[in-house]
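# Sequence and predicted structure are below.
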Amino acid sequence: MNIQEIESRFQKAIADKTVWDSLYHSVFRMTMPNRDSFYIDENIPNNWENTRLLTNVGCEAADNFAARFQRIVSSDGQTSVMIQAPEFGGFDDSSDQRAFDSNVTRSANACIIRNLSNYLESAYDLVAGTTVCFRTFDLVNKKFYRVPVPIKDVALTRAFTGETDGYYRTLKMKREEIPYTFAELNSKDFKLNGTPITESNKADVIELHESTIYNYDDGLWHYYVTYGEELLIDRSGITCDFGSDFWTRKPGSTYGIGVGVKALPELNQLNALRYYSTFGLMFRAAPMWLVNQNHQLDYDRLEMKPMELIPVESTGKDNPSLTPLTLGDDPNTQQWNQAQMEMNIKSVMLAETIPNQTNQKMTATEIAARTNRLNTVSNNMVAVAQHMLEEDVRWLLMKFKEIPNFYPEDFPVEDYAKNARITLASTAVKNTEQIQAIATMIDMFNVATPDGSLTAVAVNKPKYANKLAELLRIEEDIILPEEEIEQNMQNLAQQQQQQEIAKQQAQFARELAVEAFKNGNNPQTGLPQ
């Protein structure tokens, strides 16, 4: 891909993103003003003059949404995913493979748990609809960093499959920092458009264009850094250090539509109602006054604010010195049920399920509706969290290849990373349906044969033990692998058989001794008395 094609894609991606910037800006302003990175530097986030935000219902709902999402990423703060070898590609279901999967799972979880706060930040970005991260792995310290990228700073392009196939952003840095930022550049002889670094220009701030693009011809991700017509960096690799996730997207859309976007109309309505109601109260508590000063009204200093004194011309000796300026009838704001609006906002943003009036018992229908709504909410979040963590884990599995002796010699790392079964630990907590099904089956076997013979001959006990351990999330080192259980059962059977033989031999010897004693004391035998 030449520099003209790279720049063309860059400019188009930035132009397409402009439409979404204003929408995401509005969502951040109404739900996360302190995180609103769309503000320019001189503005203060959450300042009333800037945001005019007079309700915290959106902020509260965003906090609940993010906290719930983080609990799905890791419910106990220690484990996040479970990794199993692919069911195909030469990976056998052996104790050695399961032990290897367990070690890989522990390594991946250690990396993910260290970044729980960053996953929380990504959850806040999902309130708007799109979250982008940059992943890096410190090989020396064996640490994984998952850094959220503000959505205002990056533009995306979308593949026909629906996956993101391009990330574009502008990098700003001093001219002298450029050769030290990118290892490919020669810091000694570096020139930018033919101009070397000098004392006079080294502090100049330079804007570079960074483009990470998937190439369908070679199946690799290409990382480009350009400056004008000059291509500074051109590198490629199997993995992409950027990652993106979306709440929901309409077909053909590049960016996601989050719960904050859906709640935005009612958030704006509630905030406007609070805004004008507050000003109406202020004007009635401290109205504007007309001041008799015997001269014409000075329009230059006419300001609409409480306790403002407005000079006016006298209309006669009976004109009072001070006259409050009436504002008309008090609007009936009670027709707007603000409590109901707040509950609607929370419901749309998944902070609440079904609104429940105070001091009112819920009917069975309402309880069922609330349960169904909660299940729907959880399913949506699990689907997004599953994709997010799956992409991160597959990226990590490829990076683990750089750790010496992490994988066995000649291990098919790429096949394992692409096809490994990755599941959320939070959704694998005690699968009660399968456990109940197994228990019901055993009960029915025992009903058919009360002596337990059917259960004894029909159930594969080693597999049974390992399956229950998996469903109950028992640590692998507590329950032995199937092969060891089978071997131990055979050893136990042999011991029992040997004990039974020894018991029978002892019984036979005892019977012989008793018989010999009887014969020795019988006169008819002719044996000595």
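Done, it's in. What you are looking at is a predicted structure, and each value in this text was computed from that prediction instead of being measured.
# Excluding chain neighbours, give the residue nearest to Phe400 in space.
Phe406 (4.9 Å; Cβ to Cβ, 6 or more residues apart in numbering). For glycine as for every other residue, the C-beta is placed from the backbone atoms N, C-alpha and C.
# Show the pLDDT at the one you found.
According to the prediction, Phe406 has pLDDT 94.
# And this structure, what are its domain boundaries?
261-343, 482-525 (automatic domain parsing).
# So what's the residue count around Asp204?
Around Asp204 there are 14 other residues, counting by other Cβ atoms under 10 Å.
# circling back to that earlier point, and the domains of the chain, which one averages the lowest pLDDT?
Looking at these, the bottom one is domain 261-343 with a mean of 66.
# Now do that domain: distance from first to last residue.
For domain 261-343, the first and last residues are 16 Å from each other (Cα to Cα, to the nearest Å).
# swap in stretch 191-209?
Its first and final residues considered, stretch 191-209 spans 17 Å by Cα to Cα.
# tell me which residues of it are tucked away?
Neighbour-count burial for stretch 191-209 flags Leu192, Ile197, Leu208, His209 (criterion: 16 or more other Cβ atoms under 10 Å).
# In a markdown table, list those residues along with pLDDT and secondary structure.
Below are the buried residues of stretch 191-209 laid out as a markdown table (pLDDT from 0 to 100; DSSP: H, G, I helix; E, B strand; the rest coil):
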| residue | pLDDT | secondary structure |
| --- | --- | --- |
| Leu192 | 90 | strand |
| Ile197 | 89 | coil |
| Leu208 | 96 | strand |
| His209 | 96 | strand |
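# Would you tell me which one of those comes nearest to Thr440?
Nearest to Thr440 among the buried residues of stretch 191-209: His209, at 62.3 Å, using Cβ to Cβ.
# ok, for that closest one, nearest residue in space, not its chain neighbours?
Among residues not flanking His209 along the chain, Thr226 sits closest, at 4.7 Å (Cβ to Cβ, 6+ apart).
# So that neighbour: helix, strand or coil?
Three-state assignment for Thr226 (DSSP: H, G, I helix; E, B strand; the rest coil): strand.
# Number of residues surrounding it?
Neighbours of Thr226 (other Cβ under 10 Å): 18.
# if I look at Tyr227, how far off is Ser26?
34 Å (Cβ to Cβ, to the nearest Å).
# What segments of the stretch 101-250 of the chain are strands?
Listed in chain order, the strands found in the stretch 101-250 of the chain under DSSP state E, counting those that start in this stretch are 130-138, 143-149, 155-158, 164-174, 191-192, 195-196, 205-215, 220-227, 230-237, 242-246.
# For Lys174, give its distance to Pro196.
15 Å.
# got it, and Lys143?
Separation of Lys143 from Pro196 (Cβ to Cβ): 36 Å.
# show me the contacts for the residue nearest to Met388 when sequence neighbours are not counted.
For Met388, ignoring the flanking residues on the chain, the nearest one in space by Cβ to Cβ, 6+ apart is Asp245 at 4.7 Å. Under the criterion of Cβ atoms under 8 Å, 6 or more residues apart in numbering, the neighbours of Asp245 are Ser122, Leu126, Thr130, Thr131, Gly256, Val384, His387, Met388, Glu391.
# Tell me where the model's unsure across the stretch 151-300 of the chain.
279-280, 282-300 (pLDDT under 70).
# How many residues are close by Leu232?
The burial count for Leu232: 18, using other Cβ under 10 Å.
# Tell me the spacing between it and Phe190.
For Leu232, the distance to Phe190 - Cβ to Cβ - is 9 Å.
# Find the residues that touch each one of these two.
Counting by Cβ under 8 Å, 6+ apart, the residues touching both Leu232 and Phe190 are Ile178.
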